[in-house]
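Asks: 3D, please:
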Amino acid sequence: MPKINPALSYILGVLVGDGYCNGYRLGLHTTSKKMAQSFAGSLAEITGYPRNVYKYPVTSKRPRPRFRVSTTRSEILSCLLPYVEDMLKIREVALECPLDFLRGFYESEGCLSIPKRTGKPRIIFTNTKQGLVNLVLEVLQVVGFSPTVNVQRFKKWHGHYGSKPVYRIHLLREKEVHEFLRLTEPSIKGEFNG
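Replies: Numbering: from 1, shown residues only. As a prediction, the model looks like this:
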């Protein structure tokens with residue numbers, strides 16, 4: 001298993017968000033080339049195996065560019081699976097390198113929102129897994145932020161029917177939004193005029 005370091009923490013933040021790891025394949029699909037390159041670089045850093053960023057062809061059904069970083073290499077999977085499959089190990093890594101974990105999770109599940117009504121920036125993380133939401137809340141608080149969370153139930157969520165709870169974590173204070181972006185230095189979703 002790799003040593004706990006910022007690259008591992010970032011990778012886990014991405015994987016518990018939009019990434020995937022299913023025992024025989026690990027990776028990320030994204031519309032951001034910068035995020036794909038950041039993820040590939042972190043994988044190479046902790047494993048010693050460079051990863052390529054693949055670009056999917058643009059089609060009429062998918063007019064936006066999409067990028068993929070993935071691996072089936074057993075050496076990489078065997079060193080990361082013990083972390084990905086155990087929330088306590090993810091927590092240990094996230095608390096050891098909290099800013100990197102938050103950067104990965106933000107790039108996967110977060111957004112920078114500036115409502116027209118107030119003109120004040122906010123950061124929002126959205127997820128349906130209560131245990132993961134509790135971990136992100138804990139990590140944010142350890143770093144010194146004051147997040148709030150609300151829960152909503154939708155009859156239909158991203159094409160899925162049911163009343164699955166959707167958790168939204170908010171950083172609402174403008175000073176905290178600026179501080180979060182300054183400390184985590186995300187590769188995407190970090191620019192606004194304000």
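Asks: centroid residue for the chain?
Replies: For the chain, Phe105 is the residue whose C-alpha lies nearest the centre (CA atoms, centre = their mean; 2.2 Å).
Asks: how about it: what's its closest non-neighbour residue?
Replies: Closest residue to Phe105 apart from its sequence neighbours, by CB to CB, 6 or more residues apart in numbering: Gly13 at 4.0 Å. The C-beta positions use only the backbone N, C-alpha and C, and glycine is treated the same way.
Asks: put the alpha carbons of stretch 57-70 into PDB.
Replies: Extracted in PDB, the C-alpha atoms of stretch 57-70 (Å, rounded to 0.1, in the frame of the first residue of the first chain):
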ATOM      1  CA  PRO A  57     -14.300  11.700 -30.100                       C
ATOM      2  CA  VAL A  58     -16.900  14.500 -30.100                       C
ATOM      3  CA  THR A  59     -20.200  13.300 -31.600                       C
ATOM      4  CA  SER A  60     -23.600  14.900 -32.300                       C
ATOM      5  CA  LYS A  61     -24.900  13.000 -29.200                       C
ATOM      6  CA  ARG A  62     -21.900  14.200 -27.100                       C
ATOM      7  CA  PRO A  63     -20.900  17.500 -28.400                       C
ATOM      8  CA  ARG A  64     -18.600  18.400 -25.400                       C
ATOM      9  CA  PRO A  65     -15.100  16.900 -25.200                       C
ATOM     10  CA  ARG A  66     -14.700  14.100 -22.700                       C
ATOM     11  CA  PHE A  67     -11.600  12.600 -21.200                       C
ATOM     12  CA  ARG A  68     -10.800   9.400 -19.500                       C
ATOM     13  CA  VAL A  69      -8.000   8.200 -17.200                       C
ATOM     14  CA  SER A  70      -8.200   4.500 -16.300                       C
END
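Asks: residues in contact with that stretch: which ones?
Replies: By CB atoms under 8 Å, 6 or more residues apart in numbering, the residues outside stretch 57-70 that reach it are 25-33, 35-36, 39-40, 43, 51-56.
Asks: can you tell me the element the residue nearest to Phe105 falls in?
Replies: helix 6-16 (DSSP states H and E).
Asks: how about Glu92?
Replies: With DSSP H and E as the criterion, Glu92 is inside helix 87-96.
Asks: taking the contacts of stretch 57-70, please make a ChimeraX selection of just the buried ones.
Replies: Buried members of those, defined by 16 or more other CB atoms under 10 Å, are picked up in ChimeraX with:
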select :26,27,28,30,32,35,36,39,40,43,51,53
